[in-house]
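Q: predicted model and sequence below, questions to follow.
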Amino acid sequence: MNKISVLFFSFCAFTVLSCSGIQKPGGGFNLFTVQQDIELGKQVQQEIASKPNEYPVLPVASNREAYAYIQKITDRILNTGQVPYRNEFAWDVKIIDDDNTLNAFCTPGGYIYVYTGLIKFLDSEEALAGVMGHEIAHAAQRHSTRQMTKIYGLQTVVSVATGQAEPGMLSQIALGIINLRFSRTHEKEADTYSVNYLCPTTYEADGAADFFKKIQSQGGARQPEFLSTHPDPGNRVANITKTAQAKGCRGTQTYQSEYTKFKNSL
């Protein structure tokens, strides 16, 4: 970013009403450009790769069938033509070997991480596809950098964008992205987009609801921490199902037998 760009970037931050494209639907300003989402995603991906004890990513070479399976799910979502930045973002998916964590996340720029704990918790491919669609939506709608704009403020955003961030700041931001708690509005948006992404496929489009249904069936015994600040799972199930019905989605496939084989391979 050159000096003129930085000045314009700063000017927009203080005169947001006059800068088109900054205010986003669903709440929150975004001072990052799409290219900066891409670059930040690369940096977060490198940060995760540098900490194998903290993020034990399964090696692709010795888990080719598992990666082919989860990439197939990713491609089905991306190839619907519904996902923004389909060709700009990386959409690279990795599996983190941690059976105790019910989580998945997607960085800015489309680096997707799915924990084995989540994979083994779910019962069908369409359920995992629904969760992955939700996480892909967070990246495609640029929720992370919208949240970061709000949390870190102008000075930090500019330092990251220009490569002048203080030592340790990138690690802090990377950790923040991984553990980011999205707003209720962003979570609702991601639920809706998950349905939109699955609707043109053979999957049951309300696959994301299966995650919340199973959490409810267990009385919240394994409820992930990120749910503690967000709407009741029952409300999210109802909203997801209602959205799928309103759109007239016709997919019926769950691919349970294939999914069981995938789970057992991990």
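A: Alright, I've got the coordinates.
Q: list the buried residues in the helix or strand D210 falls within.
A: Taking DSSP states H and E as the definition, one finds D210 inside helix 208-217. By neighbour count on 16 or more other CB atoms under 10 Å, the buried set for helix 208-217 is A208, A209, D210, F211, F212, K213, K214, I215. C-beta: built from backbone N, CA, C; applies to glycine.
Q: ok, now stretch 140-151?
A: Judged by neighbour count (16+ other CB under 10 Å), stretch 140-151 contains these buried residues: A140, Q141, R142, H143, S144, T145, R146, Q147, M148, T149.
Q: ok, the nearest residue to the last one once chain neighbours are set aside to F105 distance?
A: Excluding the flanking residues, the one nearest T149 by CB to CB, 6 or more residues apart in numbering is L31, at 4.7 Å. When distances are taken as CB to CB, to the nearest Å, L31 and F105 turn out to be 22 Å apart.
Q: neighbour count: the two, which is higher?
A: L31 (23 against 20; other CB atoms under 10 Å).
Q: would you map the helices across the stretch 1-150 of the chain?
A: Secondary structure of the stretch 1-150 of the chain (DSSP state H, counting those that start in this stretch): helices located at 3-14, 34-49, 64-78, 116-121, 125-140, 143-161.
Q: for the record, mean pLDDT for the helix holding D210?
A: Summarised as a single mean, pLDDT over helix 208-217 is 91.
Q: need the contact partners of that helix.
A: Contact with helix 208-217 is made by 121-124, 126-127, 130-131, 133-134, 191, 194-195, 222-223, 227, 233-234, 236-237, 240-241, as judged by CB atoms under 8 Å, 6 or more residues apart in numbering.
Q: right, and the helix or strand after the helix or strand that contains I177?
A: For I177, the host element (DSSP H and E) is helix 169-178. Next helix or strand after helix 169-178 toward the C-terminus (DSSP H and E): helix 184-198.
Q: average pLDDT for that next one?
A: 94.
Q: distance from the chain centre to it, please.
A: 11 Å (CA atoms, centre = their mean, to the nearest Å).
Q: please renumber the chain so that the first residue is 29 from this point on.
A: Shifting the count to begin at 29 puts that one at helix 212-226.
Q: tally of neighbours for Y231?
A: The burial count for Y231: 27, using other CB under 10 Å.
Q: show me what it is bridged to.
A: Q281 (DSSP bridges).
Q: verify the stated contact: it with S152.
A: No: look at Y231 against S152 with CB atoms under 8 Å: they stay out of range, at 9.2 Å.
Q: which residues do these two both contact?
A: By CB under 8 Å, 6+ apart, the residues touching both Y231 and S152 are T282.
Q: ok, and the closest non-adjacent residue to T280?
A: E232 (6.2 Å).
Q: that'll do, ta.
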